[in-house]
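*Asks:* Build me a structure from this.
(one chain, ligands or ions: 2)
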Amino acid sequence: MGMRTNNLGFPRIGENRELKKATEAFWKRDITAAQLLQRAARIRENNWLLQAGMGIDLIPSNDFSLYDSMLDMCCTLGAVPDRFGWSGGAVGLDTYFAMARGVEGAEPHGGTPPLEMTKWFDTNYHYLVPEFHRRQRFRLSLTKALDEFEEGRRLGTLTKPVLIGPVSFLALGKEKEGGFDRLSLLPDLLPVYSELLSTLAGLGAQWVQLDEPCLILDLTQEQKQDYLGAYRQLRESVPGLRLMIASYFGPLGDNVELMLGLPAAAYHLDLVRGGEDLAPVLAAMPAGAELSLGVINGRNVWKNDYTRSLEAIGKAKERMGSDRLMVAPSCSLLHSPITLAGETGLPPELRKMLAFAVEKLGETAELAALAENRRDRSKLEANRRSHQAWRQQPEIHQPQVQQRLREIGAPHLQRSGAFPERLAKQKEILPLPLFPTTTIGSFPQTGELRAVRQKFRQEKLSREEYEGFIEERIRQLIKRQEEIGLDLLVHGEFERSDMVEYFAELLDGFTFTANGWVQSYGSRCVKPPIIYGDVQRAKPMTVRWSAYAQSLTDRPVKGMLTGPVTIQQWSFVREDQPPSETARQIALALRDEVGDLEAAGIKAIQIDEPALREGLPFKKKEWGGYLQWAVDSFRLASCGARDETQIHSHMCYAEFGDIIEAIIALDADVLSIEASRSQMELLADFRDNPYPNHIGPGIYDVHSPRIPEVAEIVTLLEKACRVLPKVNIWVNPDCGLKTRGEIEAWASLKNMAAAAKEMRKRWG
Ligand code: GLN
Ligand code: ZN
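*Replies:* Ligands and ions are numbered 1, 2, ... in the order given. Purely as a prediction, here's the structure:
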């Protein structure tokens, strides 16, 4: 039989984002449900044919989804919250999309909110969060996994159905009432899994893949017991079916023994993120069990290093022989763009070094063949040579950047004065009232603005025309901010389609694909930039717009930058140097920008780090190392500022009790954070660990069109006053206003300004 190839999942958006187009057309009722399902079936068929053609032995099914696989699982298992009015039976498309997107309704009832959405581990994919109640019952309510298996078979492919495993399914959900632990629902859940698995076996499935990414997390003794109990029960209920348990996104570490203790026919390892697991796994592999070696990075864009992969495969082969081994990508290819085929615009040397989903499957097959000596060694030689040649490409090495980084020492990571000193100097040049008001940066981006930008990109509009249009927007925005009496103004970020892309386009070392789309959630896809070389700034990036805005008003205008951690986190990163190094390079470029903004007369500069938290490693013991370089890179970017310049930062998440020390260590003069959705709950975190500098807890939720009342904002500010010194409190929304409509954005800001005035009257 020899070594086989295994794939965990293939992108489902279609090569030309057919799924996005089809679902959005269906939501607008431009196409019927039958048409939607037909187009979806075509994507699946293409994916299966492609994988079969590439010689993949274990081809996944049920990796497809009209919206999200966790949502599919909720519907499959009958975990549909009451508010969607589902009365049992098969879950229909309308209920399915209602859970994904909510149902709009008339005020004051406000319709039905969708399931919450959150990041899938540290990818940029978002899943829908299952909701559980104490009296939750499960039953098989969607036959999608069965149908897709049969569909594959009709097309001549015996697929391997993919399901989220029962423990991860519960663990990644959320209790919707207090007083119980969602893992306690396992006894009711497992029979439904058993039913599903035995039906699949009855249909002729030989393999089923159960994704258990939670195996890479810190698990309690109890959770480990849950895992063991669950898999023993599943195994017993479907003895003939071969279960493959898949872990990914990190090393198993202490959980190696646990995973191999779960009765299964095969285990999948992410050897890209968890290479250190290989030796202990090989030492403890249960007799007869098979191993899937995830040696190809499923979530980055680079060509595999065959020499390294073959080393790992070789070790496994030595121990286990070929017949029990499979070669695989590290995780589902969902997180990778689909194909390089259309990317003719990339520099040829770079293009040669890339591999998207299709190319990664080619590598998978090639590696298995090489490991079995079924392919001549010239492939390996060619791979080695291209890596070597790439390392010597002059474009990726900028000696002056590396030289500057070598000269960075502790003084570069430290403002000259301590906060109280800085504050005194800032007050002189930046007079602000008590409870100063500001916004987070972006203002509504209208369809007109997007159309104008599109025209400019297609060269149907000259640079002067485009820039004139942006300037006009800035003029109007400055005027309106003055009219409603905001204190620290912004220019509105109209020149940016995206807070990372904007900088990536202006920095050396980044490049862009033509069609490298990756699903972010539902029908939303993103095209992350690729960082391929040393990063440097050719010229100022934001000064033109900030200086223009400042020239229009006597009030201070805040400069607006995206921080080094966020730029890196939302891009495809280099694999030839650690992320900390890339972050330092970006930080250095931003540091120069801060200097140029200062020189242009900008007195306050905000450096956004909304992605700081999502970069946290999964294992707590690794947090320290990450936070150290994350904080250092922020400080490298910001600490070149003179004491007189007020440095702001912004983060949009409320749960930061556990990283509060790192946030304090950023030493921003003013921090604006999300707080309104949790009714300022985060203030509790400050009781033990008071935030020493100034802070703007977001006082209304920008993610909702709702307009907050003045009284409501005042109440929240009063609440903040009970925990924070009044002189430290800023008044701002909890994030940028880019996605809001003009009318509600301004109505909300007016109320915000009025609330600040009221507070000044009370306390001034
Ligand atoms: N300055 C950015 C904006 O206002 C911040 C966005 C964010 O935090 N995600 O759009
Ligand atoms: Zn934000």
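*Asks:* What is the burial count for the closest residue to ligand 1 within the chain?
*Replies:* Closest contact between the chain and ligand 1, by CB to the nearest ligand atom, is at residue 736 (2.0 Å). Where you see a C-beta, it was placed from the backbone N, CA and C, and this is true even at glycine. Around residue 736 there are 24 other residues, counting by other CB atoms under 10 Å.
*Asks:* what's across from the nearest residue to it once chain neighbours are set aside in the sheet?
*Replies:* For residue 736, ignoring the flanking residues on the chain, the nearest one in space by CB to CB, 6 or more residues apart in numbering is residue 442 at 3.6 Å. Following DSSP bridges, residue 442 is listed with bridge partners residue 492.
*Asks:* re the thing from before, quick one: the residue of the chain closest to ligand 1 and residue 445 touch, right?
*Replies:* No - with contact defined as CB atoms under 8 Å, residue 736 does not reach residue 445; the gap is 9.8 Å.
*Asks:* and the gap between the residue of the chain closest to ligand 1 and residue 26?
*Replies:* Noted for residue 736: a distance of 30 Å to residue 26, by CB to CB, to the nearest Å.
*Asks:* What of residue 618?
*Replies:* From residue 618 to residue 26 the distance is 36 Å (CB to CB).
*Asks:* got it, and residue 547?
*Replies:* Taking CB to CB, one finds residue 547 at 47 Å from residue 26.
*Asks:* Likewise for residue 653?
*Replies:* Residue 653 is 32 Å from residue 26, by CB to CB.
*Asks:* Can you name the residues of the protein sitting close to ligand 2?
*Replies:* With CB under 5 Å from the ion as the criterion, the chain meets ligand 2 at residues 610, 652, 735.
*Asks:* Restricted to strands, list those.
*Replies:* Among the residues of the chain next to ligand 2, no member is found in strands (DSSP state E).
*Asks:* From those residues, which one has the minimum pLDDT?
*Replies:* The lowest pLDDT within the residues of the chain next to ligand 2 belongs to residue 652, with 84.
*Asks:* Isn't that residue up against residue 677?
*Replies:* No - judged on CB under 8 Å, residue 652 makes no contact with residue 677 at a distance of 10.2 Å.
*Asks:* just to revisit the earlier point, roughly how far apart are the residue of the chain closest to ligand 1 and residue 560?
*Replies:* 9 Å.
*Asks:* Now the common contact residues for these two.
*Replies:* 441, 493 (CB atoms under 8 Å, 6 or more residues apart in numbering).
*Asks:* returning to that earlier point: tell me the spacing between the residue of the chain closest to ligand 1 and residue 700.
*Replies:* Counting by CB to CB, the gap from residue 736 to residue 700 is 13 Å.
*Asks:* rewinding a little: between residue 618 and residue 26, point out the one with more neighbours.
*Replies:* Taking other CB under 10 Å, residue 618 and residue 26 do not tie; residue 26 has more neighbours (21 against 18).
*Asks:* circling back to that earlier point, among residue 652 and residue 677, which residue is more densely surrounded?
*Replies:* residue 652 (19 against 14).
*Asks:* Any chance of the residues of the chain next to ligand 2 in JSON lines with distance to residue 514 as columns?
*Replies:* Below are the residues of the chain next to ligand 2 laid out as JSON lines (distance: CB to CB, whole Å):
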{"residue": "610", "distance to residue 514": "27"}
{"residue": "652", "distance to residue 514": "30"}
{"residue": "735", "distance to residue 514": "30"}
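*Asks:* So which of those is the closest to residue 377?
*Replies:* residue 610 (47.3 Å; CB to CB).
*Asks:* From residue 510, how far out is that closest one?
*Replies:* 19 Å.
*Asks:* just residue 296 next, same as before
*Replies:* Residue 296 is 24 Å from residue 510, by CB to CB.
*Asks:* same question, residue 186
*Replies:* 46 Å.
*Asks:* Comparing the two, which residue is more hemmed in?
*Replies:* residue 510 (21 against 18).
*Asks:* neighbours of the residue nearest to residue 284 when sequence neighbours are not counted, just the number please.
*Replies:* If the residues on either side of it in the chain are set aside, residue 284 comes closest to residue 260, at 5.2 Å by CB to CB, 6+ apart. Residue 260: 20 surrounding residues under other CB under 10 Å.
*Asks:* Also residue 441?
*Replies:* Residue 441 has 25 nearby residues by other CB under 10 Å.
*Asks:* Find me the pLDDT at it, would you?
*Replies:* 98.
*Asks:* just the one 5 residues further on next, same as before
*Replies:* Looking at residue 446, its pLDDT reads 90.
*Asks:* which stretches of the chain aren't confidently modelled?
*Replies:* For the chain, the stretches flagged by pLDDT under 70 are 106-110, 654.
*Asks:* need the contact list for the residue nearest the centre of it.
*Replies:* Nearest to the mean C-alpha position of the chain, by CA atoms, centre = their mean, lies residue 124 at 2.2 Å. Residue 124 is in contact with 335, 518, 520, 526, 528, 570, counting by CB under 8 Å, 6+ apart.
*Asks:* Okay, and which of those residues map to strands?
*Replies:* When these are checked against strands (DSSP E), the matches are 518, 520, 526.
*Asks:* most surrounded residue in these?
*Replies:* residue 518 (24 neighbours).
*Asks:* got the contact list for the residue of the stretch 501-650 of the chain found nearest ligand 2?
*Replies:* Here the residue of the stretch 501-650 of the chain nearest ligand 2 is residue 610; by CB to the ion that distance is 4.7 Å. Shown in contact with residue 610 (CB under 8 Å, 6+ apart): 566, 650, 651, 652, 653, 735.
*Asks:* rerun at 6 Å
*Replies:* 566, 651, 652 (CB atoms under 6 Å, 6 or more residues apart in numbering).
*Asks:* got it, and residue 115?
*Replies:* 99, 128, 129.
*Asks:* Now list the buried members of those.
*Replies:* Neighbour-count burial (16 or more other CB atoms under 10 Å) applied to the contacts of residue 115 gives 99, 128, 129.
*Asks:* Close to ligand 1: what parts of the stretch 351-500 of the chain are there?
*Replies:* 440, 441, 442, 493, 499 (CB under 6 Å from any ligand atom).
*Asks:* Would you mind listing the residues in contact with the fourth one?
*Replies:* For residue 493, the contact set (CB under 6 Å, 6+ apart) comprises 441, 442.
*Asks:* Please apply the same query to the first one.
*Replies:* Remark: with contacts taken as CB under 6 Å, 6+ apart, residue 440 is in contact with 650, 735, 736.
*Asks:* that's a strand at the first one, yeah?
*Replies:* It stands for residue 650. Yes - counting by DSSP: H, G, I helix; E, B strand; the rest coil, residue 650 is located in a strand.
*Asks:* before we move on, the earlier item: of the ones in strands among the contacts of residue 124, which is the nearest to residue 220?
*Replies:* residue 520 (31.7 Å).
*Asks:* Find the closest residue to ligand 2 in the stretch 251-400 of the chain.
*Replies:* For the stretch 251-400 of the chain, CB to the ion, closest residue to ligand 2: residue 335, 23.0 Å.
*Asks:* Alongside ligand 1, which residues does this protein contribute?
*Replies:* Going by CB under 6 Å from any ligand atom, the residues of the chain near ligand 1 are 440-442, 493, 499, 560, 608, 610, 650, 652, 735-736, 738.
*Asks:* hmm, 5 Å instead?
*Replies:* 440, 441, 442, 608, 610, 652, 736, 738 (CB under 5 Å from any ligand atom).
*Asks:* The closest residue to the fourth one other than its chain neighbours: neighbouring residues, count only.
*Replies:* Of all residues beyond its chain neighbours, the one nearest residue 608 is residue 650 (4.7 Å), with distances taken as CB to CB, 6+ apart. Here the number of neighbours of residue 650 (other CB under 10 Å) works out to 26.
*Asks:* Kindly state the beta-bridge partners for residue 650.
*Replies:* Under the criterion used here (DSSP bridges), residue 650 is bridged to residue 608, residue 672.
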